[in-house]
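Asks: Need the 3D shape of this:
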Amino acid sequence: MKMEFEKKVFVKEEKVKKIKQKKVTSLQGDRKNAVVNTSFDPYYPKDAINLGWEGKVTIQAYVNKKGKVTRVKLIKSSGYPLLDDAFINAVYASYTFKPKRIMGKNKMDKITLSYQFKI
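Replies: Okay, here's the model as predicted:
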């Protein structure tokens with residue numbers, strides 16, 4: 001009888017260990033990707049307005065652990081370097097991000113952004 005009781009206790013302890021070993025994969029407040037926190041429209045260059053230049057600029061911004069842009073890569077040009085530079089400068093100067101967060105720790109990430117210049 002004593003041996004049977006010990007086996008039952010051992011089985012219960014094993015089940016408790018399995019429950020405790022569940023791996024936590026995310027925490028509250030985690031983000032899968034960086035998210036734009038603040039942004040402002042870029043300055044539309046006067047020369048571009050006077051010449052009637054319009055276009056869509058698409059970039060990839062690299063965001064550090066603090067939510068700041070560290071690098072920008074031009075993905076698709078508007079066709080006018082003046083407009084491309086205006087958007088890139090605006091991203092560096094006025095965009096802030098909530099960085100990617102995994103298991104409560106901020107991580108570096110990249111995010112694709114677009115802006116349509118239209119008169």
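Asks: C-alpha from now on. contacts and neighbour counts both.
Replies: OK.
Asks: Can you give me the buried ones in stretch 102-115?
Replies: Taking 16 or more other C-alpha atoms under 10 Å as the basis for neighbour counts, the residues of stretch 102-115 that come out buried are 102, 106, 107, 108, 109, 110, 111, 115.
Asks: And that stretch, end to end?
Replies: With C-alpha to C-alpha, to the nearest Å as the measure, the ends of stretch 102-115 fall 29 Å from one another.
Asks: and it, how far out from the chain's middle?
Replies: Between the mean C-alpha location of stretch 102-115 and the chain-wide mean there is a distance of 2 Å, by C-alpha atoms, centre = their mean, to the nearest Å.
Asks: ok, residues contacting the helix or strand in which residue 50 is found?
Replies: Here residue 50 sits within helix 46-51, counting by DSSP states H and E. Surrounding helix 46-51, the residues in contact under the criterion C-alpha atoms under 8 Å, 6 or more residues apart in numbering are 54, 82, 83, 119.
Asks: I'd assumed the second one was in a helix, is it?
Replies: Yes. Inclusion of residue 82 in a helix is indicated when DSSP: H, G, I helix; E, B strand; the rest coil is applied.
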